[in-house]
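Asks: just the structure for this:
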Amino acid sequence: MIIYPAIDLFEGKAVRLVGGDYGQMTIYSEDPASVACEFRDAGASAIHIIDLEGARGGKPANFEVIKNIASEAKLEIQVGGGIRTADDIEKYLGMGVKRVILGTAAVSTPGFLKDMIAAYGEAVAVSADMRDGLIAIKGWTELSDIDVFGFCSSLEEYGVQTLICTDISKDGLLGGTNIDLYHTLRENLSVKIVASGGITSLVEIEVLAAFGIDGAILGTALYEGRIHLAEAINTASAALK
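Replies: A predicted model of the protein is given here:
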């Protein structure tokens, strides 16, 4: 299981939200590239970046910051937030990003998702961000009427290879993740699944790895020192042996 330390970007800074609330934002660093380099030095092979301004506003807003992170950290990067066009995807992949993440675009324009999967294959992942069982869009600011399990099942038909699923109600709260959600997804889907939102302990990492979850995103727990990245990586590796 791959551990993805997370960097959420807002106005060029590394921040974290609580429960997806932009009114509860903590700034952790004004130099996100240095944060990425610290993650690399702690053993990370990959990193998860979200452009929060892009997600909320509908178009990428931190291209240059992400380009700088890619140049300095030399990590495999997956990035999401406001990606709505093929040009956005081309620009990110051209700067060395390994995988782009479609969220709102995957929900609102399934035809676009199909076309991008056909064009870019595994370089395009989908983020299923949910609250109370329903898919949220536009940077988690709007709740749709789409059931998370129905949506995730439909992604297999489109050829999606990687699904990133976040329980927004758990995100940033340091209260634990939604283990039942990921167990159900793993039992019913064959795509790669990356768990996100509220992972706070090494035990949860062990459990997710035992389920066969392919990746886990760590955010606030790292920044607040609840989990040390090197220990998380070692735990994920040991659980597979």
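Asks: quick check: closest non-adjacent residue to Asp115.
Replies: The shortest distance from Asp115 to any non-neighbouring residue, by CB to CB, 6 or more residues apart in numbering, is to Ala86 (7.8 Å). Using the backbone N, CA and C atoms, a C-beta is placed for each residue, glycine as well.
Asks: in terms of pLDDT, where does the one you found sit?
Replies: On pLDDT, Ala86 comes in at 97.
Asks: quick one: secondary structure of Gly23?
Replies: At Gly23, secondary structure determined by DSSP: H, G, I helix; E, B strand; the rest coil is strand.
Asks: now do the same contact list for it.
Replies: Contacts were defined as CB atoms under 8 Å, 6 or more residues apart in numbering; by that measure Gly23 touches no other residue.
Asks: got it, and Leu102?
Replies: For Leu102, the contacting residues are 80, 83, 113, 116, 124-127, taking CB under 8 Å, 6+ apart as the criterion.
Asks: Leu155: which of those is nearest?
Replies: Ranking the contacts of Leu102 by separation from Leu155, with CB to CB as the measure, puts Val126 on top at 5.5 Å.
Asks: does the nearest residue in space to the closest one that is not next to it in sequence lie in a helix or a strand, and which?
Replies: Closest residue to Val126 apart from its sequence neighbours, by CB to CB, 6+ apart: Ala106 at 4.6 Å. When secondary structure is defined by DSSP states H and E, Ala106 falls within helix 104-108.
Asks: can you list the buried residues in that helix?
Replies: For helix 104-108, a neighbour-count test (16 or more other CB atoms under 10 Å) marks 104-107 as buried.
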